[in-house]
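Undergrad: sequence unknown, structure follows:
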Ligand SMILES: [Zn+2]
Ligand SMILES: [Zn+2]
């Protein structure tokens, strides 16, 4: 494959994966796959979640794509490469910046802050019904997401934690007390 074709393939795979991730998160994880996604939405102190199994499944699919692509198709191989690039972007944003599993850095401004706010608002609902911000790289403005959450609550579609931020703080305090 020519270099421009490779660049287009990888870029298309990255953008396509954000769309796929939005769809899978909205309709699979908050649908029939909720049993695996559920513990990601509930407070706990374990290092691993059942939700991590999704990463294992998707990882296995990409490894298969690499193997088949290596044997039969450059296009498939570079698509798998683009999916892997997306995987790193996703885990850096979602597991790293938002959930602080790898490092502690809280963005104070700009688009990084908006990403965190948007995903925290995704976590504001209780259960699998309703909810906002199912994507990970493209995030709407928090004001828009809050308005949508309010609309869903009023329409009885979603149930929101009394205050997600308050719950976070209470959990943090409980952890500190337990340590003393
Ligand atoms: Zn979710
Ligand atoms: Zn999350």
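TA: Happy to help now that I have it. Model, not experiment: these values are computed from the prediction. Ligands and ions are numbered 1, 2, ... in the order given.
Undergrad: ranges for the helices of the chain?
TA: For the chain, applying DSSP state H gives helices covering 3-23, 34-37, 52-72, 74-90, 110-122, 142-154, 164-179.
Undergrad: got TSV for those, with mean neighbour count and distance to residue 43 too?
TA: Any C-beta I mention is one placed from the backbone N, CA and C, and that applies to glycine too. Shown next, in TSV, are the helices of the chain (neighbours: other CB atoms under 10 Å; distance: least, CB to CB, whole Å):
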stretch	mean neighbour count	distance to residue 43
helix 3-23	15	24
helix 34-37	15	15
helix 52-72	13	16
helix 74-90	18	22
helix 110-122	18	13
helix 142-154	15	19
helix 164-179	11	5
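Undergrad: So which of the ones you listed is nearest residue 45?
TA: Of all the helices of the chain, helix 164-179 sits nearest to residue 45, with 7.1 Å by CB to CB.
Undergrad: Could you pull up the mean pLDDT of the closest one?
TA: In this model, helix 164-179 has an average pLDDT of 62.
Undergrad: Any idea which of the helices of the chain gets closest to residue 98?
TA: Comparing the helices of the chain by CB to CB, helix 110-122 comes nearest, at 4.6 Å.
Undergrad: model confidence over that closest one, on average?
TA: The pLDDT scores in helix 110-122 average 96.
Undergrad: now do stretch 127-138
TA: On average, stretch 127-138 scores 95.
Undergrad: hmm, who's touching that stretch?
TA: Contacts to stretch 127-138, defined as CB atoms under 8 Å, 6 or more residues apart in numbering, come from residues 18, 21-22, 25-26, 30-31, 34, 37-38, 41, 89-90, 93-94, 115, 118-119, 121-122, 124-125, 139-140, 145, 148-149, 152, 157-159.
Undergrad: let's see it at 6 Å
TA: 18, 21-22, 25-26, 30, 34, 90, 93-94, 118, 121-122, 125, 145, 148-149, 152, 157-158 (CB atoms under 6 Å, 6 or more residues apart in numbering).
Undergrad: Stretch 27-40 now?
TA: Identification of contacts with stretch 27-40 by CB under 6 Å, 6+ apart yields 49, 50, 51, 53, 128.
Undergrad: of those, buried ones?
TA: For the contacts of stretch 27-40, a burial check counting by 16 or more other CB atoms under 10 Å picks out 49, 128.
Undergrad: Mind telling me the two of the contacts of stretch 27-40 farthest from one another?
TA: 53 and 128 (16.5 Å).
Undergrad: and which of the contacts of stretch 27-40 is nearest to residue 177?
TA: Closest to residue 177, out of all of these and judged by CB to CB, is residue 49, at 23.8 Å.
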